[in-house]
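Visitor: 3D model of this:
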Amino acid sequence: MTRPLRILTWHIHGNYLYYLVANGTAHEFYLPVKAGDHEGYGGRLPGFPWPDNVHDVPAEAVRHLEFDCILFQSHKNYLEDQYEILSEGQRRLPRIFVEHNPPREHPTNTRHPVDDADVLLVHVTHFNDLMWDNGRTPTRVIEHGVIVPEAVRYSGELERGIVVVNGLPSRRRLRGADVFERARQEVALDLVGMEAKELGGLGALKYDDLHAFASRYRFFFNPIRYTSLGLAVCEAMMIGMPIIGLATTEMVTAVENGVSGYVSTDVNWLIARMRQLLADPAEARRLGDGARHSARERFAIERFRRDWEETFRLVTVSAPVRRQTQAVASLQV
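Guide: Have a look, this model is predicted:
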């Protein structure tokens, strides 16, 4: 690319947005903001060390600015927000939709709301790409890339497991609140995240504090039944924590039993593995080393940046997208 791109996107998932904009890219990102509590319009919310290439823009001023690409990150962005804040010309710019979730209504028969051969649909896991009915919209998978502080490494001195999940009380079955509570009756577990205190947890931690805090726990437990591969899981693996979780969605490809942790649909078996790691810190460290090795290969931020650079090049230089279906396939990771 001859110059940095000007990209409009919304603040939907803070950690993902931070990794997207702070991975060494030269592109300029613009976040629409509104006064009050409006989904997607928080801009540069506190809690992240936002780089200088990220800019807050009043939502009412967006239609008067020049952009090279529109990056949607939620169904609301695509179905509602673009018609509210973008000009007609901006709605014809190169467009990418990042789908962060698997289908909810039906696991195999849900049609994705984007039905446009000129939009590139980016899935964050291969499981999501497989399960959504993407229709005529071309797709690409860009797996997560994460950053953890260089100085933070797994120590595991606490004979407890940690669970990092936002909204566990309000999304009980989906996020596995019952699985967490069942396991907590058998082994020592601490819950961190938004709404965690409602279930007797520790509450939310700042991004800058979370990794060092979590690294002291013996293992990381992910009770979520049905979601994309959580960034918290990737971050814990990068630190060098052994992972225990449900063998659902993309988790079955991220964690290898006996190598980087344990996954299963048998909760009693997982509880037994938790007890094993609490009693054997050396085994926990061995699994943590395996998790870190796997994460450094799969979730490196450099690979994430390259994938996004290729994707931005694809949609901005080689438009329209519908004539690039073959090129998209060739770029699959």
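Visitor: which residue, neighbours along the chain excluded, lies closest to the residue nearest to the spatial centre of the chain?
Guide: Residue closest to the mean C-alpha point of the chain, counted by C-alpha atoms, centre = their mean, is residue 231 at 4.6 Å. Leaving aside its chain neighbours, residue 231 sits nearest to residue 15 (4.8 Å; criterion: C-beta to C-beta, 6 or more residues apart in numbering). Bear in mind the C-beta positions are built from the backbone N, C-alpha and C, glycine included.
Visitor: for that neighbour, pull up the helix or strand it's in.
Guide: Assigned by DSSP states H and E, residue 15 belongs to helix 14-21.
Visitor: do the same with residue 277
Guide: Take DSSP H and E as the rule and residue 277 turns out to sit in helix 267-279.
Visitor: show me which positions of that helix end up buried.
Guide: For helix 267-279, a neighbour-count test (16 or more other C-beta atoms under 10 Å) marks 267, 270, 271, 273, 274, 277, 278 as buried.
Visitor: residues touching the first one, list them.
Guide: Okay, so that is residue 267. Going by C-beta atoms under 8 Å, 6 or more residues apart in numbering, residue 267 touches 179, 182, 183, 246.
Visitor: stretch 168-183 spans what distance, first to last residue?
Guide: Taking C-alpha to C-alpha, to the nearest Å, stretch 168-183 runs 14 Å from one end to the other.
Visitor: any idea how far residue 278 lies from residue 221?
Guide: Look at residue 278 and residue 221: by C-beta to C-beta, to the nearest Å, they are 11 Å apart.
Visitor: actually, residue 170.
Guide: 20 Å.
Visitor: more crowded one of those two?
Guide: Comparing residue 170 with residue 221 by other C-beta atoms under 10 Å, the one with more neighbours is residue 221, at 30 against 12.
Visitor: the one helix or strand that one maps to packs against which elements?
Guide: Taking DSSP H and E as the definition, one finds residue 221 inside strand 217-222. Other elements packing on strand 217-222 under the criterion 3 or more C-beta pairs under 8 Å, 6 or more residues apart in numbering; DSSP states H and E are strand 158-164, helix 231-239, strand 243-246, helix 267-279, helix 281-298.
Visitor: need the contact partners of the second one.
Guide: If I follow you right, that is helix 231-239. Applying C-beta under 8 Å, 6+ apart, the contact partners of helix 231-239 are 13, 15-16, 19, 144, 146, 148, 152-154, 164-165, 210-211, 214-215, 220, 222, 243, 245, 251, 254, 260, 288, 291-292, 294-296, 299.
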